[in-house]
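> got a structure for you, letters missing:
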Ligand SMILES: Cc1cc2nc3c(=O)[nH]c(=O)nc-3n(C[C@H](O)[C@H](O)[C@H](O)COP(=O)(O)O)c2cc1C
């Protein structure tokens with residue numbers, strides 16, 4: 001499946017608010033697929049452009065767009081994984097090297113980079129916006145019929161790994177969104193009791 005998206009509304013145009021039962025049904029049942037079950041096919045380059053366009057509509061206080069995207073695919077993605085593997089092995093860290101399976105196996109990864117900057121909008125809100133971008137990208141990939149998973153793991157936090165990815169000072173990985181076709185359907189996981197997490201404020 002590929003995406004046929006409507007044009008983005010023009011700036012300032014009134015945007016129709018209408019019920020979308022199919023989206024509600026998707027939200028009620030969507031599930032992430034284990035990254036190690038993800039294989040080809042993955043979204044085309046054209047679809048990746050569309051997915052990123054959708055993700056970039058995330059709520060963003062102050063219109064700062066405090067995030068960016070790095071696409072990992074094919075031989076370049078394999079080279080990125082190999083450099084991380086060399087890094088892990090140079091430290092004698094076999095566990096970290098083994099954890100790279102979640103990066104190596106999926107055919108496509110999109111790193112969402114949180115790029116907060118000093119501003120009246122608190123950094124916390126800029127980071128939350130990066131999380132919202134991850135959610136949007138994950139959901140959009142799943143809505144397109146692909147398996148997807150939001151992964152961080154050690155290489156999202158390690159300074160040397162972040163340098164290999166090409167992060168600048170002050171940037172952080174909000175998540176790697178791995179995307180492909182799930183070789184086996186994900187099983188539903190336990191979900192929180194949302195009612196038990198909810199109170200109604202009373203004076
Ligand atoms: C910020 C963040 C980082 C995550 N990192 C990992 C990870 O490194 N490894 C992992 O197995 N799951 C990780 N997860 C969890 C999965 O992405 C996913 O949320 C979980 O499997 C539940 O799937 P669901 O989307 O069906 O609720 C992470 C989730 C979040 C929000």
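Arrived safely, thanks for sending. This one's a predicted model, so the numbers in the text were calculated from it and none came from an experiment. Numbers count the residues shown, from 1 in each chain.
> next one, pLDDT for the closest residue to the ligand within the chain please.
Across the chain, no residue is closer to the ligand than residue 32, which sits at 3.2 Å (Cβ to the nearest ligand atom). For glycine as for every other residue, the C-beta is placed from the backbone atoms N, C-alpha and C. What the model reports for residue 32 is a pLDDT of 98.
> my guess is it meets residue 146, correct?
No - taking contacts as Cβ atoms under 8 Å, residue 32 lies outside contact range of residue 146: 10.9 Å.
> more neighbours, those two?
Of the pair residue 32 and residue 146, residue 146 is the one with more neighbours under other Cβ atoms under 10 Å, namely 24 against 18.
> what comes up buried for whichever helix in the chain runs longest?
Counting residues, the longest helix found in the chain (DSSP state H) is helix 123-143. Using 16 or more other Cβ atoms under 10 Å as the test for burial, helix 123-143 gives 125-143.
> hmm, that helix touching the ligand?
No - using Cβ under 6 Å from any ligand atom, helix 123-143 stays clear of the ligand, coming no nearer than 6.8 Å.
> helices and strands around that helix, which ones?
Counting contacts by 3 or more Cβ pairs under 8 Å, 6 or more residues apart in numbering; DSSP states H and E, helix 123-143 is packed against helix 21-29, helix 45-55, strand 67-73, strand 108-114, strand 147-151, strand 172-182.
> okay, the angle between the first one and helix 123-143?
Going by axes from the mean of the first three to the mean of the last three Cα atoms, to 10 degrees, helix 21-29 is angled at 100 degrees with respect to helix 123-143.
> would stretch 150-164 count as contacting the ligand?
Yes - using Cβ under 6 Å from any ligand atom, stretch 150-164 reaches the ligand at 150, 151, 152, 153.
> can I get those residues in a markdown table with pLDDT and neighbour count?
Shown next, in a markdown table, are those (pLDDT from 0 to 100; neighbours: other Cβ atoms under 10 Å):
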| residue | pLDDT | neighbour count |
| --- | --- | --- |
| 150 | 98 | 17 |
| 151 | 98 | 19 |
| 152 | 97 | 13 |
| 153 | 97 | 18 |
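> distance to residue 120 added to the residues you listed, as TSV?
As requested, the residues of stretch 150-164 next to the ligand are exported to TSV (distance: Cβ to Cβ, whole Å):
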residue	distance to residue 120
150	29
151	32
152	28
153	33
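> list the buried residues of stretch 28-40.
Using 16+ other Cβ under 10 Å as the test for burial, stretch 28-40 gives 32, 33, 34, 35, 37, 38.
> now do the end-to-end distance for that stretch.
Using Cα to Cα, to the nearest Å, one end of stretch 28-40 lies 26 Å from the other.
> tell me which residues are up against that stretch.
Contact partners of stretch 28-40, identified using Cβ atoms under 8 Å, 6 or more residues apart in numbering, comprise 101-103, 105-107, 138-139, 142-143, 147-151, 178-186, 188-189.
> number of nearby residues for residue 69?
16.
> how far away is residue 56 from residue 127?
According to Cβ to Cβ, to the nearest Å, residue 56 stands 16 Å off from residue 127.
> so who does the closest residue to residue 125 other than its chain neighbours touch?
Using Cβ to Cβ, 6 or more residues apart in numbering and skipping residues adjacent in sequence, the residue nearest residue 125 is residue 61, 4.9 Å away. Applying Cβ under 8 Å, 6+ apart to residue 61 gives the contacts 121, 125, 126, 129.
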